[in-house]
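Undergrad: Test case, fold it:
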Amino acid sequence: MQDLKKILMKTAERVLAAIGLTEDSIKRYRPYDPSVRYTSRQLEPYDALSDRFVRSVEMCFLFFRIFERHAFGDVSETYRDNLNPMEKLGAIRSADLWLEMRHIQNRPCRTPLIPWRRRLA
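TA: Numbers count the residues shown, from 1 in each chain. From the prediction side, this is the model:
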């Protein structure tokens, strides 16, 4: 159990680091104009934001699973089943919002992520 606690703490550190990088990208965000032909260099901030956002969400899901194992001795089979106790505990505001964030990575094109930031605040 002690090893699981160490893993949980290390994962929490990684979650905070990933969220910090995402917040840094959000601070430097400039609106994306689909009518502009951007160079690969100009697209880098959007790619970084997208990658960091997905990494943050995935790291949070990993943390939730480890926390669930630590707190309850078992891991849920679905994301929703994992998120529901997190919502009940007050660790997240909405399981549905977290599922939506998880599905963002499946979007085929660049879309602004700023509205998500407002919904999470």
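Undergrad: contacts and neighbour counts: CA atoms only from here.
TA: Noted.
Undergrad: so what's the backbone phi/psi at residue 91?
TA: Taking degrees, to the nearest 10, you get phi -70, psi -30 for the backbone angles of residue 91.
Undergrad: State the mean pLDDT of whichever strand or helix holds residue 41.
TA: Taking DSSP states H and E as the criterion, residue 41 maps to helix 40-72. On average, the pLDDT along helix 40-72 is 92.
Undergrad: which helices and strands does it pack with?
TA: helix 2-27, helix 79-89, helix 95-104 (3 or more C-alpha pairs under 8 Å, 6 or more residues apart in numbering; DSSP states H and E).
Undergrad: Pull the distance from the longest one to the chain's centre.
TA: Between the centre of helix 2-27 and the centre of its chain there are 11 Å (C-alpha atoms, centre = their mean, to the nearest Å).
Undergrad: Tell me the helices and strands packed up against that helix.
TA: helix 40-72.
Undergrad: If we go by neighbour counts, what in the helix it packs on is buried?
TA: Buried residues in helix 40-72, defined by neighbour count with 16 or more other C-alpha atoms under 10 Å: 45-46, 49-50, 52-70.
Undergrad: Using JSON lines, lay out the helices and strands packed on helix 40-72 together with distance to residue 37 and mean pLDDT.
TA: Below are the helices and strands packed on helix 40-72 laid out as JSON lines (distance: least, C-alpha to C-alpha, whole Å; pLDDT from 0 to 100):
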{"stretch": "helix 2-27", "distance to residue 37": "21", "mean pLDDT": "94"}
{"stretch": "helix 79-89", "distance to residue 37": "37", "mean pLDDT": "92"}
{"stretch": "helix 95-104", "distance to residue 37": "23", "mean pLDDT": "87"}
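Undergrad: mind checking which of those is nearest residue 39?
TA: helix 2-27 (18.4 Å; C-alpha to C-alpha).
Undergrad: Run the angle between that closest one and helix 40-72 for me.
TA: 150 degrees (axes from the mean of the first three to the mean of the last three C-alpha atoms, to 10 degrees).
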